[in-house]
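Visitor: I would like to see how this sequence folds:
(one chain, ligands or ions: 1)
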Amino acid sequence: MLNVKILTAYPHMFPGTLQYSVIGNALKEKKWSLDIINLHDYGYDQRKSIDSEPFGGGPGMIIRPDVVEKALLSIDYQSHAVKKLIYLTPAGKILKQSNLAEFSRFNQLIILCGRFEGVDQRAIEILKFSEISIGDYVLAGGEIAAQVLVEGCIRLLPGVLGQPESLFEESFSNNLLEYPQYTRPQVWSDIHNEDHEVPKILLSGHHEKIKQWRANKSIEKTKLIRPDLLEKEKKE
Ligand code: ADE
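Guide: Numbers count the residues shown, from 1 in each chain. Below you'll find the model as predicted:
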């Protein structure tokens, strides 16, 4: 079973979104487990402080390496679990679907959430955290990013999704965006009384043609809004 440990200065932000829907159900059904470690429990002074000013000057505060190490030692860090340590930071490698697949195969994910101006680089290097970013934008901390990463991993675990075949056709599964989907009503009259029909091919019952249409739509959509994915396909 995958065990996720979150090291954070804001433990109340968890389980957050991870308690709902398929991910929350899987947690209740013990298909994965979650432990939250409060960095302040390992603070270095009476006030349980975890950060100090950056050497060399500059704004903000930096989480200290001794605090991160103590927090890590408090969990069964030395156990034999096949584990991956991840530090969430906008200065990390961009998270991809392929990384989620890789992470979901570990026994344990230990995720450090940054706050303030970051974490002392020695803690990242010596304790062997991989630096991961969820996108080219800056959040106030790594907690939401951790929930994004964990949700993305957990839905890939066997038995978590009701219809695992949906994993094969979803966006990014073959460097393409997913084709557009339609449901009832067959003709939707909007509030301006304009009618919008679903593409006729989808009502034809002709499975081969529908498959082909969807594949074409996938490529068309990817070319239009994510041409970089097709370039990547060529290079790989
Ligand atoms: N912390 C702040 N911004 C972040 C981002 N884009 N990805 C991961 N962690 C972050």
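Visitor: just the pLDDT at residue 216, thanks.
Guide: Note for residue 216: predicted pLDDT of 98.
Visitor: what does whichever strand or helix holds it contact?
Guide: Assigned by DSSP states H and E, residue 216 belongs to helix 207-225. If you take Cβ atoms under 8 Å, 6 or more residues apart in numbering as the criterion, helix 207-225 is touched by 175-180, 199, 201-202, 204, 229-230. (Glycine included, C-beta is placed from N, CA and C.)
Visitor: closest to the ligand out of these?
Guide: residue 229 (20.0 Å; Cβ to the nearest ligand atom).
Visitor: ok so the closest one is a helix residue?
Guide: Yes - according to DSSP: H, G, I helix; E, B strand; the rest coil, residue 229 belongs to a helix.
Visitor: check what pLDDT the residue lying closest to it once chain neighbours are set aside gets.
Guide: Excluding its sequence neighbours, the residue lying closest to residue 229 (Cβ to Cβ, 6 or more residues apart in numbering) is residue 175, at 4.8 Å. At residue 175, the predicted lDDT confidence score is 91.
Visitor: phi, psi of residue 175?
Guide: Main-chain torsions, residue 175, degrees, to the nearest 10: phi 60, psi 30.
Visitor: ok, it touching residue 231?
Guide: No - using Cβ atoms under 8 Å, residue 175 is not in contact with residue 231; the gap is 9.4 Å.
Visitor: same drill for the two, tell me which one is more crowded.
Guide: Using other Cβ atoms under 10 Å as the criterion, residue 175 and residue 231 rank with residue 175 on top: 18 against 11.
Visitor: my guess is residue 117 is in a strand, correct?
Guide: No - read with three-state DSSP, residue 117 is coil and lies in no strand.
Visitor: who in this structure is up against the ligand?
Guide: 88-90, 114, 133-135, 137-139, 141-142, 145 (Cβ under 6 Å from any ligand atom).
Visitor: name the member of those with the most neighbours.
Guide: residue 142 (31 neighbours).
Visitor: so that residue touches residue 88, yeah?
Guide: Yes - using Cβ under 8 Å, residue 142 is in contact with residue 88, at 3.3 Å.
Visitor: any residues in contact with both of those two?
Guide: Common neighbours of residue 142 and residue 88 (Cβ under 8 Å, 6+ apart) are 111-114.
Visitor: which stretches of the protein form strands?
Guide: 2-8, 32-38, 51-52, 62-63, 83-94, 108-113, 130-133, 187-189, 195-197 (DSSP state E).
Visitor: alright, that wraps it up for me.
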